[in-house]
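Asks: need a structure here:
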Amino acid sequence: MATDWNRISHHAMDWAYEAGTVIRESFKKQLTIETKSNADDLVTNMDREVESFLIDKIRKHYPEHQILGEEGSGDDVQSMEGTVWIIDPIDGTMNFVHQQTNFAISIAVYHEGEGKVGLIYNVVNDEMFHAIKGNGAYMNEHPLPKLEKVELEKSIIAINATWITSNKRMDPSILIPIVDQCRGTRSYGSAAIELAFVAAGRLDAYITMRLSPWDFAAGKILIEEVGGTITNLDGEELDMLGKNSIFAGKQNLHQYILDEHLLNDKK
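Replies: Purely as a prediction, here's the structure:
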């Protein structure tokens with residue numbers, strides 16, 4: 001029996017909307033805030049509650065599927081075989097804690113390693129970015145147009161200043177000419193939102209040195225559905241079960257920056 005991706009997409013969106021309502025109501029309550037890998041890596045009771053809520057829904061409706069979740073409540077996924085849900089209950093937890101804005105619920109569904117359904121729900125702005133492979137991408141009910149070409153000098157690029165001032169992966173100075181030549185830079189503090197904004201044409205590119213699958217899995221589907229490109233900083237395919245550097249953007253801009261800046265330095 002063929003998988004009904006439309007049904008899965010509708011379920012995922014319904015659950016994200018429901019979880020979003022719970023998150024907004026939590027603004028009035030006291031949060032329990034803990035740290036994970038370091039003092040800046042925050043997790044709240046809402047992260048865990050939303051992940052548990054989503055996992056319960058997925059297990060009830062799709063018990064044969066695997067689940068990879070940021071907070072560890074899912075499965076120990078070792079392979080992208082079969083159908084795998086990749087979820088981030090609150091991407092941008094620091095923003096959620098400090099600002100109560102610029103955070104998102106991210107849900108992706110992959111089948112045999114191929115992205116089939118992706119959604120990023122910008123909770124506070126009530127913007128649902130969603131896509132089913134081959135059917136285009138949308139923001140709420142509005143189709144997102146295919147991404148058009150842009151020159152570096154006219155581009156807006158999302159990049160965190162940390163990667164320019166302190167970068168263990170590469171010489172930070174490699175990024176400085178990109179920052180100098182583009183029209184402007186932005187940093188929203190949520191990879192999911194920044195990837196959704198690339199898909200929507202609000203940003204022309206996004207560069208970061210380290211993301212986990214739950215940070216980029218849904219955004220990858222959205223961006224590819226509108227003709228954008230997403231790779232690591234070496235121009236290679238992403239590892240869907242490991243940490244990656246991420247470079248997403250409009251196709252021509254992505255290729256130009258790779259050729260003239262990121263890869264040129266290694267020649």
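Asks: tell me the contacts of residue 191?
Replies: Neighbouring residues of residue 191 by CB atoms under 8 Å, 6 or more residues apart in numbering: 91-92, 206, 208, 211, 215-216, 219, 246. Bear in mind the C-beta positions are built from the backbone N, C-alpha and C, glycine included.
Asks: what's the next secondary structure element after the helix or strand of the chain with the lowest mean pLDDT?
Replies: Within the chain, confidence by mean pLDDT, DSSP states H and E is lowest for strand 42-44 among all helices and strands, at a mean of 65. On the C-terminal side of strand 42-44, the nearest following helix or strand under DSSP states H and E is helix 45-61.
Asks: which helices and strands does that next one pack with?
Replies: Applying 3 or more CB pairs under 8 Å, 6 or more residues apart in numbering; DSSP states H and E, one finds that helix 45-61 contacts helix 5-25, strand 66-69, strand 83-91.
Asks: among the ones you listed, which comes closest to residue 263?
Replies: Across the helices and strands packed on helix 45-61, residue 263 has its closest neighbour in strand 83-91 (28.2 Å, CB to CB).
Asks: who's in contact with the next helix or strand after that closest one?
Replies: Once strand 83-91 ends, the next helix or strand along the chain (criterion: DSSP H and E) is helix 93-98. Helix 93-98 is contacted by residues 23, 31, 33, 40, 42-44, 46-47, 90, 101-103, 188-190 when judged by CB under 8 Å, 6+ apart.
Asks: tell me where the chain has helices.
Replies: Applying DSSP state H to the chain gives helices spanning 5-25, 45-61, 93-98, 162-165, 176-181, 191-199, 213-225, 251-257.
Asks: buried ones in the shortest one?
Replies: What that stands for is helix 162-165. Buried residues in helix 162-165, defined by neighbour count with 16 or more other CB atoms under 10 Å: 163-164.
Asks: the third one too?
Replies: If you call a residue buried by 16+ other CB under 10 Å, then helix 93-98 has these buried ones: 93, 95-97.
Asks: please apply the same query to the longest one.
Replies: Counting neighbours by 16+ other CB under 10 Å, one finds that the buried residues in helix 5-25 are 5, 8-9, 11-13, 15-16, 19-20, 23.
Asks: check which helices and strands that helix is in contact with.
Replies: By 3+ CB pairs under 8 Å, 6+ apart, helix 5-25 packs against helix 45-61, strand 104-111, strand 114-122, strand 127-132.
Asks: let's have the ones you listed in a markdown table, adding mean pLDDT.
Replies: Output for the helices and strands packed on helix 5-25, formatted as a markdown table (pLDDT from 0 to 100):
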| stretch | mean pLDDT |
| --- | --- |
| helix 45-61 | 93 |
| strand 104-111 | 98 |
| strand 114-122 | 98 |
| strand 127-132 | 98 |
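Asks: list the buried residues of stretch 117-133.
Replies: 117-124, 127-133.
Asks: what's the pLDDT at residue 169?
Replies: According to the prediction, residue 169 has pLDDT 65.
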